[in-house]
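>>> Generate coordinates for the sequence data below:
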Amino acid sequence: MRVCVIQMSSVNDKVANLAQARTLIEQAVKEDRPDLVLLPEVWAFQGGTAEERQAAAEIVPGGEAYRLLQDLARRHGILIHGGSFLEKGEKRLFNTTVVLDRQGREIARYRKLHLFDVVTPDGREYRESALVGRGEEIVTYDVEGARIGCSICYDLRFGELYRQLAAKGAQILMVPAAFTLQTGKDHWEVLLRARAIETQCYVVAAAQVGAFPAGKDVRHNWGHSMIVDPWGKVLVQVSDRPGFATAKLDLDYLRRVREMIPVQQHRVLPG
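Got it, this is the predicted structure:
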């Protein structure tokens, strides 16, 4: 399976973001011929005010971002793991992933479990839960001989989620993200490689890069989208600008890694 990570620089302009996503996916399809494409977190709308985020959120299925992904999947015959965008719920928004097959049919949906409520080292405060509700389900899906596990950004810091995904049979772990510049420079690659090594899965991480407006503030994302193999080796990485990178994921190699060091069989949980 050839898997492609799309790195974007999304802002509070939905029309521009959708156009950027279409351009990057179509360029990746033309140049790299991937089977599966992963977009970053909040690729359709990032930053802005709470009112702007509410207005940009979509009812799922449906909405401009959802229909764009359907069109691209059908037109190019590719699988699309749609990063995440804001979904309208009954009472709150959700940070939601949708996955579409080669015919544009939805085959999985995941709502972010861990919400980013922190103060970063530069003093900026992030309160995702002020607008977004928490998901309730751990989600995997099967496609073309592979089982894929879902996560979004801040989930990456919680190894127990990835162990549960691996226990459910996941071989590939998806991590769409908008990691901050301040945390990303020290933690992003370390965490991705750790999740790959401890679960013996491929880790596919598509990130936001660059600056975006958030109310009166301007914030920055780290970027460095990458694909990591089950041994913890970085196979490909995107430079510090919007772009894409593609790698072939070899499930036979994954099986050999698991045979060499059978951590799943050796795991002991006291108590």
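
>>> For the rest of this, base every contact and every neighbour count on C-alpha atoms.
OK.

>>> Okay, helices next: where are they in the stretch 151-271 of the chain?
159-167, 181-199, 251-260, 263-266 (DSSP state H, counting those that start in this stretch).

>>> May I see those arranged in CSV, with mean pLDDT and mean neighbour count as well?
Shown next, in CSV, are those (pLDDT from 0 to 100; neighbours: other Cα atoms under 10 Å):
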stretch, mean pLDDT, mean neighbour count
helix 159-167, 97, 18
helix 181-199, 97, 18
helix 251-260, 98, 14
helix 263-266, 88, 11
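
>>> Columns distance to residue 221 on top of those, output as JSON lines?
Listed next are the helices of the stretch 151-271 of the chain as JSON lines, based on distance: least, Cα to Cα, whole Å:
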{"stretch": "helix 159-167", "distance to residue 221": "22"}
{"stretch": "helix 181-199", "distance to residue 221": "5"}
{"stretch": "helix 251-260", "distance to residue 221": "31"}
{"stretch": "helix 263-266", "distance to residue 221": "34"}
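
>>> right, and those helices - which one's nearest residue 30?
Between residue 30 and these, the tightest spacing by Cα to Cα is seen for helix 251-260, at 24.7 Å.

>>> who touches the closest one?
Contact partners of helix 251-260, identified using Cα atoms under 8 Å, 6 or more residues apart in numbering, comprise 171, 200-202, 230-231.

>>> Would you tell me which one of the residues you listed comes nearest to residue 37?
Closest approach between the contacts of helix 251-260 and residue 37, by Cα to Cα: residue 202, at 14.4 Å.

>>> just to revisit the earlier point, now the buried members of the contacts of helix 251-260.
By neighbour count, with 16 or more other Cα atoms under 10 Å, these hold 171, 200-202, 230-231 as buried.

>>> Show me the one of the helices of the stretch 151-271 of the chain that comes nearest residue 125.
Closest to residue 125 of the helices of the stretch 151-271 of the chain, according to Cα to Cα: helix 181-199, at 12.2 Å.
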